[in-house]
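[1] Give me a 3D structure for the following:
(chains A and B)
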2 protein chains.
Amino acid sequence: MNWFGLARELTVAAESKIILLVIDGLGDLPHYGRTPLETAQKPHLDQLALQSACGLTDPIYPGITPGSGPAHLALFGYDPLQYRLGRGILEALGSDVSVGKRDLVARGNFATLKDNLVVDRRAGRISTEETARLCLKLNNSLRGMAGARFELTPGKEHRFVFKVEADGLTDLLGDADPQKNHLPPVGVVPLAASEVTQKTADLVNAYIKSANDILKDEPAANTILLRGFARFPDIPPLGEIYKLRAAAVAAYPMYRGLAKLVGMNVLSVGPETENLIETLERHYKEYDFFYVHYKKADAAGEDGAFEAKVRAIEEIDRCLPRIAGLRPDVLAVTSDHSTPCSLKGHSWHPNPFLLSSRTALSDRVTVFTERECSLGILGRFPALEVMPLLLAHAGRLKKFGA
Amino acid sequence: MNWFGLARELTVAAESKIILLVIDGLGDLPHYGRTPLETAQKPHLDQLALQSACGLTDPIYPGITPGSGPAHLALFGYDPLQYRLGRGILEALGSDVSVGKRDLVARGNFATLKDNLVVDRRAGRISTEETARLCLKLNNSLRGMAGARFELTPGKEHRFVFKVEADGLTDLLGDADPQKNHLPPVGVVPLAASEVTQKTADLVNAYIKSANDILKDEPAANTILLRGFARFPDIPPLGEIYKLRAAAVAAYPMYRGLAKLVGMNVLSVGPETENLIETLERHYKEYDFFYVHYKKADAAGEDGAFEAKVRAIEEIDRCLPRIAGLRPDVLAVTSDHSTPCSLKGHSWHPNPFLLSSRTALSDRVTVFTERECSLGILGRFPALEVMPLLLAHAGRLKKFGA
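    Presented below is the predicted three-dimensional model:
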């Protein structure tokens, strides 16, 4: 199914408003018989479910556990198996590094080199503060080189994000990382025989060489390793495909970055849950489509904190009347992926989904939970089909054929 | 969706165990209001359903009635529309003819030739014993010829399986069968212009000519017809794709052969239902994945024997505690296809499916039947998605993207 082809053919501009509320990591497994969704007091979500068409979505494919990147791409209608995001891009987005069209990014480690062997790929896990100091040192000395602009952004412990901006860069590069300790360092190798890849590889290798000179007297972190080279992906903008003005209301860097990747306008938002709603209300008149991202349920799931997840669900439930109070033509609530507390990580389990709209046929679902949504009128369906449903209920898809 | 590409990328080796119990031909239609599954006393299957995630699977595509070959391929994660098995291969497997990489096989008939016309393509449906005698006669005279090794294996009535083993054979051959009575015999014609196909066609035609000489004084069966030429299909081995050690516990030749085709280790097993369980128990430590095949439900369906089908279901139900007692990480029970008694043959109706695992979200299904499974949390889904689910619940699929 070429959904984008169909979308370009059939979407029409309209006055209608769509709000897609993504409660990150919402789905879960039972603890003493009940999931967090089955435990939480969430009268507003349940009331909304009562009036909605419900179902369960598979983020990528049954059984496949998605990262946040592909899970969100699917929700926005981008086939995540076609639009693969390089690891470097996601790392950059998660570190709040802005990535532009001329940029090449990679994940970086400080490492220890001895007798021309990489003896510790993590430089003894130096502290986050130490990494910040070293990044600053390199940025101060090596910002501009051979017409390119370099910047390291420190991450946790020995990690950083590498970024270089120049004309004509490619990401067809092998890792400058031997992958194991006690092997000689490896330079960046072009993965395709072309002048452009060779030029990019030479540029990055020159940077590594200069960095080694500057770091040579450091006790542990005397070299850098770079891997997962990636450029801003070639993704058609959501607003153009669907003929709408799209805005993201998200506080965390990763999700703000993902929204930027698909061409949404990323709104400024404060760190509290309340701030999400304020931002949504403040900009409601300016856009047609709002992606609202709520992180706390996922964070609790990752920590295995069942009670915290219940409270996170109850907190967003209390915000729901203000969201629904905007009276969007379509209000959908779902998740990008499940994050069961017992697994302390993402999982493949389908996501509860509800869609409220004047044209939605409500079903027997009266409680918004994983198990009740499985009885919803939408059944179990790929997350890739969410966007077509949102657009249809918003009156933004014209008839196919006559 | 390129599932094998994804599987090769995402599957990881693990310690976990998976048992897939296939109750052949399980699904059915009601007789006085109830299907065999709705009639049978099967407390263990129902108890398992209570703790499981349930659903209904479509073997190939809605409305499509599958043969045993494609239905099993789908369950093992091989797209049956992509991996087509030649009829000759399935006939050979069903007749317990072992097929190797150098072999070419075909379905054979003894037939009657008169005045250079095939006047009876079934040689008057000669007896099974007569066919056995004729196959022996040909095998004794024509086993070796032109560097190739020939072997006929008698089947029912006038039917046999033809096999030739040599280097460089192809199955791009037309049938040596006029398809209708009262037409002249036709030789094997190469379906591609190449030296290899011509050589293979010449070899088979030489065999037919020699067989005609040996059979010339037989009253009815004085020639042979060959059709459905096939070689061992080019199928990637299951164990390699999914990174697991796979074993088949199946008594019938067709299913043992199918398991061999996908690279499973086929275990020795006695003819009784009890023997399936003993074999499973005996080899439980040696493998990660067990395909257990139970035939009696299908056999009863083919006979239109409703009561026998009920008893077959009750018999496998009594074995369930011993299977579940092995405490596999994932236990799934389903079927390859439905075989309704009223149709006395395979049908397109979806198969009841249950999956029991620590990470399975149990649903409202408390009785393992066609109709109850339609209310399961997994909904209705393609059988091709069974394997991803089994692997996910066994902790054998890592995250897709970041």
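
[2] Select the longest helix from chain A.
    Criterion DSSP state H: the longest helix present in chain A is helix A:195-215.

[3] tell me what that one is packed against?
    Applying 3 or more C-beta pairs under 8 Å, 6 or more residues apart in numbering or on different chains; DSSP states H and E, we find helix A:195-215 packed against strand A:103-114, helix A:128-142, strand A:144-145, strand A:159-165, strand A:223-231. C-beta: built from backbone N, CA, C; applies to glycine.

[4] Serialize these to JSON lines and add fields for distance to chain B, mean pLDDT and mean neighbour count.
    Below are the helices and strands packed on helix A:195-215 laid out as JSON lines (distance: least, C-beta to the nearest C-beta, whole Å; pLDDT from 0 to 100; neighbours: other C-beta atoms under 10 Å in any protein chain shown):
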{"stretch": "strand A:103-114", "distance to chain B": "10", "mean pLDDT": "96", "mean neighbour count": "24"}
{"stretch": "helix A:128-142", "distance to chain B": "20", "mean pLDDT": "96", "mean neighbour count": "16"}
{"stretch": "strand A:144-145", "distance to chain B": "29", "mean pLDDT": "90", "mean neighbour count": "12"}
{"stretch": "strand A:159-165", "distance to chain B": "13", "mean pLDDT": "96", "mean neighbour count": "23"}
{"stretch": "strand A:223-231", "distance to chain B": "9", "mean pLDDT": "94", "mean neighbour count": "23"}
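
[5] got CSV for those, with distance to A:L343 too?
    Formatted as CSV, the helices and strands packed on helix A:195-215 follow (distance: least, C-beta to C-beta, whole Å):
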stretch, distance to A:L343
strand A:103-114, 25
helix A:128-142, 27
strand A:144-145, 45
strand A:159-165, 24
strand A:223-231, 25
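
[6] Those: which one's closest to A:P382?
    Set against A:P382 and scored by C-beta to C-beta, the helices and strands packed on helix A:195-215 come closest in strand A:223-231, at 25.6 Å.

[7] Please compute how far the closest one lies from its chain's middle.
    Here the centre of strand A:223-231 is set off from its chain's centre by 20 Å, with C-alpha atoms, centre = their mean, to the nearest Å.

[8] same question, stretch A:332-351
    How far stretch A:332-351 lies from its chain's middle: 14 Å, per C-alpha atoms, centre = their mean.

[9] Let's test this: mean pLDDT of it, rounded?
    The average of the pLDDT scores along stretch A:332-351 is 98.

[10] on that earlier part again, strand A:159-165 and the longest helix of chain A, what's the angle between them?
    130 degrees (axes from the mean of the first three to the mean of the last three C-alpha atoms, to 10 degrees).

[11] now the residue of the stretch 1-150 of chain A found nearest chain B, nearest residue through space, not along the chain?
    Among all residues of the stretch 1-150 of chain A, A:G63 sits closest to chain B, at 3.0 Å; criterion: C-beta to the nearest C-beta. What sits nearest to A:G63 in space, not counting adjacent residues and going by C-beta to C-beta, 6 or more residues apart in numbering or on different chains, is B:P388, at 3.0 Å.

[12] Wasn't the one you found part of a helix?
    Yes: counting by DSSP: H, G, I helix; E, B strand; the rest coil, B:P388 falls inside a helix.

[13] Show me what the helix or strand bottoming out on mean pLDDT in chain A is packed up against.
    Among the helical and strand segments of chain A, the one scoring lowest on mean pLDDT, DSSP states H and E is helix A:87-94, with a mean of 84. If contacts are counted by 3+ C-beta pairs under 8 Å, 6+ apart, helix A:87-94 sits against strand A:103-114, strand A:159-165, strand A:223-231, helix A:253-261.

[14] out of the ones you listed, nearest to B:T339?
    helix A:253-261 (48.4 Å).

[15] Averaged pLDDT, the longest helix of chain A. What do you get?
    For helix A:195-215, mean pLDDT is 96.

[16] same question, stretch A:386-402
    The pLDDT scores in stretch A:386-402 average 97.

[17] Distance from stretch A:6-19 to the middle of the chain?
    Taking C-alpha atoms, centre = their mean, one finds stretch A:6-19 lying 24 Å from the centre of the chain it belongs to.

[18] oh sorry, the question was meant for stretch A:284-302
    With C-alpha atoms, centre = their mean as the basis, stretch A:284-302 stands 12 Å off its chain's centre.

[19] Kindly provide the distance from A:V105 to A:G174.
    According to C-beta to C-beta, to the nearest Å, A:V105 and A:G174 sit 16 Å apart.

[20] and what of A:S347?
    Distance of A:S347 to A:G174, given as C-beta to C-beta: 32 Å.

[21] Looking at these two, which one has more neighbours?
    A:S347 (24 against 14; other C-beta atoms under 10 Å in any protein chain shown).

[22] so that one sits right up against A:S335, yeah?
    No: counting by C-beta atoms under 8 Å, A:S335 is not a contact partner of A:S347; they are 11.1 Å apart.

[23] picking that back up, going by neighbour count, which residues of the longest helix of chain A are buried?
    Within helix A:195-215, the residues that count as buried by 16 or more other C-beta atoms under 10 Å in any protein chain shown are A:T197, A:K199, A:T200, A:A201, A:L203, A:V204, A:N205, A:Y207, A:I208, A:A211, A:L215.

[24] And for stretch A:388-402?
    Neighbour-count burial for stretch A:388-402 flags A:P388, A:L389, A:L390, A:L391, A:A392, A:H393, A:A394, A:G395, A:R396, A:L397 (criterion: 16+ other C-beta under 10 Å).

[25] Contacts only, for the fourth one.
    Contacts for A:L391 were tallied using C-beta atoms under 8 Å, 6 or more residues apart in numbering or on different chains; they are A:A7, A:T11, A:I18, A:Y242, A:L397.

[26] which of those residues tops the neighbour count?
    Among the contacts of A:L391, the one with the most neighbours (other C-beta under 10 Å) is A:Y242, at 27 neighbours.

[27] Verify the stated contact: that residue with A:L10.
    No: if you go by C-beta under 8 Å, A:Y242 and A:L10 don't touch, sitting 10.0 Å apart.

[28] Name the residues of the stretch 251-400 of chain A found near chain B, please.
    Residues of the stretch 251-400 of chain A lying near chain B by C-beta under 8 Å from any C-beta of the partner chain: A:340, A:342-343, A:345-349, A:370-371, A:374-375, A:379-380.

[29] In helices only, show me those residues.
    If you go by DSSP H, these have A:E370, A:R371 in helices.
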